[in-house]
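K.L.:
Requesting a structural model of the entry that follows:
(one chain, ligands or ions: 2)
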Amino acid sequence: MSIVVAIDGPAGSGKSSVSRAAARALGFAYLDTGAAYRALAWSGLDRGIPLADPAAAAAAFEGFDYSIGTDPDDTTVRVGAVDVTEAIREPRVTEVVSLVARVPEVRARLVELFRGIIATTTRPGIIVEGRDITTVVAPDAAVRILLTADEQVRMGRRSAELSGVSAETTARQLASRDAQDSRVVDFMNAADGVTTVDSTDLDFDQTVAAVVALVRDTTRVETPTD
Ligand SMILES: Nc1ncnc2c1ncn2[C@@H]1O[C@H](COP(=O)(O)OP(=O)(O)O)[C@@H](O)[C@H]1O
Ligand SMILES: Nc1ccn([C@@H]2O[C@H](COP(=O)(O)OP(=O)(O)O)[C@@H](O)[C@H]2O)c(=O)n1
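P.N.:
Ligands and ions are numbered 1, 2, ... in the order given. The predicted structure follows:
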């Protein structure tokens with residue numbers, strides 16, 4: 001059985017980048033669960049499915065042939081044969097992804113898919129990040145972390161990544177997406193047994209080091225750099 005590290009948090013808290021770097025340092029696999037919600041939204045847009053209709057969004061799962069790499073150095077996302085790794089980050093997808101994520105049937109199917117990926121990991125551990133990993137997908141994970149940062153800081157980091165979009169627009173969209181997502185699952189408060197890592201005053205390397213230290217201290221795992 002591989003060690004499971006579950007990380008949740010709001011948009012722009014550093015889940016993807018920190019989890020990927022921590023997985024590299026530990027020799028673990030890495031699973032970005034948000035990519036699946038994004039890919040389903042992308043696929044719905046591609047097929048002209050009206051995603052605002054929950055029944056239509058649930059039906060979008062039919063014919064959704066999804067795959068993602070769990071090597072932290074190759075997280076290629078595919079729908080069928082199409083590489084959508086870049087396309088799922090486009091603002092048009094970000095705008096509608098919460099419509100897909102709010103549908104219970106969609107969440108149930110994706111939770112099963114994530115559990116299947118976790119169960120077949122061949123590395124000593126896997127870091128899984130998203131919104132409901134510590135609470136729903138892997139509540140029994142050996143290490144459970146809520147990664148947070150003040151909203152202003154998160155907005156600033158996300159806006160630095162996106163060229164061609166104003167800081168105000170990025171901030172508004174991020175706040176609105178967190179508000180919509182919060183109605184479905186609570187990722188702003190740590191559940192019982194979940195350790196909060198607040199990166200507001202930490203730089204990127206310090207945040208990665210804090211996560212790696214938590215994994216090492218909790219699991220006593222021997223890692224490549226030991
Ligand atoms: N502690 C940190 N200090 C500075 N920048 C950070 C820190 N953590 C993450 N970042 C940067 O913030 C941006 C958003 O991080 P990302 O991993 O995409 O967040 P999330 O997956 O939670 O939305 C990225 O550009 C990332 O490099
Ligand atoms: N475990 C998860 C992961 C993502 N999501 C949904 O997927 C969307 C995209 O997730 P993401 O992790 O790529 O978003 P960012 O925080 O990286 O922008 C979120 O806005 C949620 O609607 C979810 O509902 N549950």
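K.L.:
now Tyr30, which residues is it bridged with?
P.N.:
Note on Tyr30: beta-bridge partners by DSSP bridges are Ile127.
K.L.:
for it, what are its contacts?
P.N.:
Each residue near Tyr30 by C-beta atoms under 8 Å, 6 or more residues apart in numbering is listed here: Ser19, Arg20, Ala23, Arg24, Thr70, Asp71, Pro72, Thr75, Ile126, Ile127, Glu129. C-betas here are computed from N, CA, C, even on glycine.
K.L.:
With Thr85 instead?
P.N.:
Thr85 makes contact with Thr75, Thr76, Val77, according to C-beta under 8 Å, 6+ apart.
K.L.:
Those residues in strands, which ones?
P.N.:
Counted as lying in strands by DSSP state E, out of the contacts of Thr85, are Val77.
K.L.:
Go through the contacts of Thr85 and name the one nearest ligand 2.
P.N.:
Nearest to ligand 2 among the contacts of Thr85: Val77, at 10.5 Å, using C-beta to the nearest ligand atom.
K.L.:
The closest one and Ile88 touch, don't they?
P.N.:
Yes. Counting by C-beta atoms under 8 Å, Val77 touches Ile88, with 6.1 Å between them.
K.L.:
all helices of the chain, in order?
P.N.:
15-26, 34-46, 54-59, 91-101, 104-119, 151-161, 167-182, 204-219 (DSSP state H).
K.L.:
Adding distance to ligand 2, write these out as CSV.
P.N.:
Converted to CSV, these look like this (distance: least, C-beta to the nearest ligand atom, whole Å):
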stretch, distance to ligand 2
helix 15-26, 5
helix 34-46, 2
helix 54-59, 12
helix 91-101, 3
helix 104-119, 7
helix 151-161, 7
helix 167-182, 4
helix 204-219, 15
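K.L.:
Now render those as CSV, adding mean pLDDT.
P.N.:
Output for those, formatted as CSV (pLDDT from 0 to 100):
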stretch, mean pLDDT
helix 15-26, 98
helix 34-46, 98
helix 54-59, 96
helix 91-101, 96
helix 104-119, 98
helix 151-161, 91
helix 167-182, 92
helix 204-219, 97
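K.L.:
Quickly note the distance from the residue nearest in space to the middle of the chain to ligand 1.
P.N.:
Geometric centre of the chain, nearest residue: Gly130, 3.2 Å, by C-alpha atoms, centre = their mean. Between Gly130 and ligand 1 the distance is 9 Å, computed by C-beta to the nearest ligand atom, to the nearest Å.
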